[in-house]
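Novice: Got a predicted structure here, sequence first:
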Amino acid sequence: MFVATLLTNPTAPALDTALVESLRNAWAGEEIIWLSPDEAAEFNLSTPPGNQWEVWADLQAMGVDLVVQPVDGRRKKMLLADMDSTMIQQECIDELADEAGVGERVKDITARAMNGELDFEGALIERVGLLKGLDEAVIDQVLNTRITLMPGGRALVATMRENGGYAALVSGGFTAFTARVAELIGFDENRANTLLAADGKLTGEVQRPILGREAKVESLERITAQLGIAESDVLAVGDGANDLGMLHRAGTGVALHAKPSVAAECEVRINHGDLTALLYLQGYSRAEFAVS
């Protein structure tokens, strides 16, 4: 048995009942369940539709996300999340670079690295090198004035944890940011790279070994072994090329507002919803969210 989930932007919910009913009828689906009025609905169907991606493309133009997945095992026991442009709305290193006066140069490198055009480790070393001499206190300044949480993150983590899940934040960014973000959102643990400083200034170096694509996969392996769960029990979410390893290994890998080259490699793509979409995909209704 499979389930089709349709959802839209919760800040302007406009999921049309007639649209959902039409798709359910075309695919010979079962009863429609509204997970949130005008925002998210689902129905079961016996086989995955052959025209899924054609329908998906049509719905994207209407501001609607569509995911078709097996019913069995869709409610997960662990969340493994990227941070930059996933749990927060910014790229931390880009914000630091703005303060250092090298913003445009660093943003270009970041975009190319996240799109898979550059080696992640080399790109990180190059970008961190451009931050050499930046006052270490700027990190707190950026955290306090430039960083905003991605909508739905608190609800996602709180609801999964309330239902026995474990939440890990694993980033190719920096511990100074993941520690704060993990605390604000409610993660069980966080892991990232460490910016090195001396005499109150960034040295332009990052502590080795660098946490990148493989380290995220290693985190998935370590935590699932520690918890005694299968990799199929994991819901992973990210947006960049360095997330693809964990997205492919997890039971459900979600490309959230992802770079085109990343989304193209993922079966589950959320472009219009926020992080609460990951709860709807697991069958939670808005009434079941731990926090709004």
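Specialist: In hand now; what should we look at?
Novice: how close does E117 get to V234?
Specialist: Per C-beta to C-beta, to the nearest Å, E117 is found 28 Å from V234. Every C-beta, even on glycine, is put in place using the N, C-alpha and C of the backbone.
Novice: Kindly report the same for I88.
Specialist: Going from I88 to V234 by C-beta to C-beta gives 21 Å.
Novice: swap in E42?
Specialist: 21 Å.
Novice: How about A100?
Specialist: Taking C-beta to C-beta, one finds A100 at 36 Å from V234.
Novice: who's more crowded, these two?
Specialist: Using other C-beta atoms under 10 Å, the more surrounded residue of A100 and V234 is V234, with 25 against 18.
Novice: Leaving out chain neighbours, which residue sits closest to A28?
Specialist: L45 (6.6 Å; C-beta to C-beta, 6 or more residues apart in numbering).
Novice: How many neighbouring residues does that neighbour have?
Specialist: Neighbours of L45 using other C-beta under 10 Å come to 18.
Novice: Could you do E189 as well?
Specialist: Neighbours of E189 using other C-beta under 10 Å come to 14.
Novice: Could you do R208 as well?
Specialist: So R208, with other C-beta under 10 Å, has 11 neighbours.
Novice: And for S22?
Specialist: 11.
Novice: And E21, by the same measure?
Specialist: Neighbourhood size, E21 [other C-beta under 10 Å]: 14.
Novice: Begin at 513 from now on, thanks
Specialist: Done: numbering now begins at 513, and the last item shifts to E533.
Novice: quick check: mean pLDDT across the host helix or strand of it?
Specialist: E533 is part of helix 529-538, with elements assigned from DSSP states H and E. When pLDDT is averaged along helix 529-538, the result is 98.
Novice: elements contacting it?
Specialist: Applying 3 or more C-beta pairs under 8 Å, 6 or more residues apart in numbering; DSSP states H and E, we find helix 529-538 packed against strand 514-520, strand 552-557.
Novice: What count of nearby residues applies to N656?
Specialist: Quick note: N656 (other C-beta under 10 Å) scores 9 neighbours.
Novice: That one falls within a helix, correct?
Specialist: Yes - counting by DSSP: H, G, I helix; E, B strand; the rest coil, N656 falls inside a helix.
Novice: Look up how far L696 lies from it.
Specialist: Taking C-beta to C-beta, one finds N656 at 12 Å from L696.
Novice: same question, E566
Specialist: Distance of E566 to L696, given as C-beta to C-beta: 40 Å.
Novice: Angles on the backbone of G698, please.
Specialist: With angles defined as degrees, to the nearest 10, G698 sits at phi 110, psi 30.
Novice: ok, it - how many residues close by?
Specialist: With other C-beta under 10 Å as criterion, G698 counts 17.
Novice: list the contacts for it?
Specialist: Neighbouring residues of G698 by C-beta atoms under 8 Å, 6 or more residues apart in numbering: 666, 669-670, 673, 679.
Novice: Mind doing that once more with 7 Å?
Specialist: Neighbour list for G698: 666, 669-670, 673 [criterion: C-beta atoms under 7 Å, 6 or more residues apart in numbering].
Novice: can you redo the residues you listed as TSV with distance to T788 and neighbour count?
Specialist: Listed next are the contacts of G698 as TSV, based on distance: C-beta to C-beta, whole Å; neighbours: other C-beta atoms under 10 Å:
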residue	distance to T788	neighbour count
R666	10	20
V669	11	25
A670	11	17
R673	15	16
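Novice: Could you provide those residues in TSV, with additional columns for pLDDT, distance to E779 and secondary structure?
Specialist: Output for those, formatted as TSV (pLDDT from 0 to 100; distance: C-beta to C-beta, whole Å; DSSP: H, G, I helix; E, B strand; the rest coil):
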residue	pLDDT	distance to E779	secondary structure
R666	98	26	helix
V669	98	23	helix
A670	98	26	helix
R673	98	26	helix
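Novice: Could you list the low-pLDDT ranges of the stretch 663-804 of the chain?
Specialist: 804 (pLDDT under 70).
Novice: If we use 50, what do you get?
Specialist: Across the stretch 663-804 of the chain, nothing is flagged by pLDDT under 50.
Novice: can you give me the helices in it?
Specialist: 665-674, 687-697, 725-739, 756-761, 772-775, 789-792 (DSSP state H, counting those that start in this stretch).
Novice: Need the winner for burial among the ones you listed.
Specialist: helix 789-792 (a mean of 26; mean count of other C-beta atoms under 10 Å).
Novice: what residues are up against the residue nearest to A540?
Specialist: L557 neighbours (C-beta under 7 Å, 6+ apart): 514, 516, 539-542.
Novice: go on, I545?
Specialist: 553-555.
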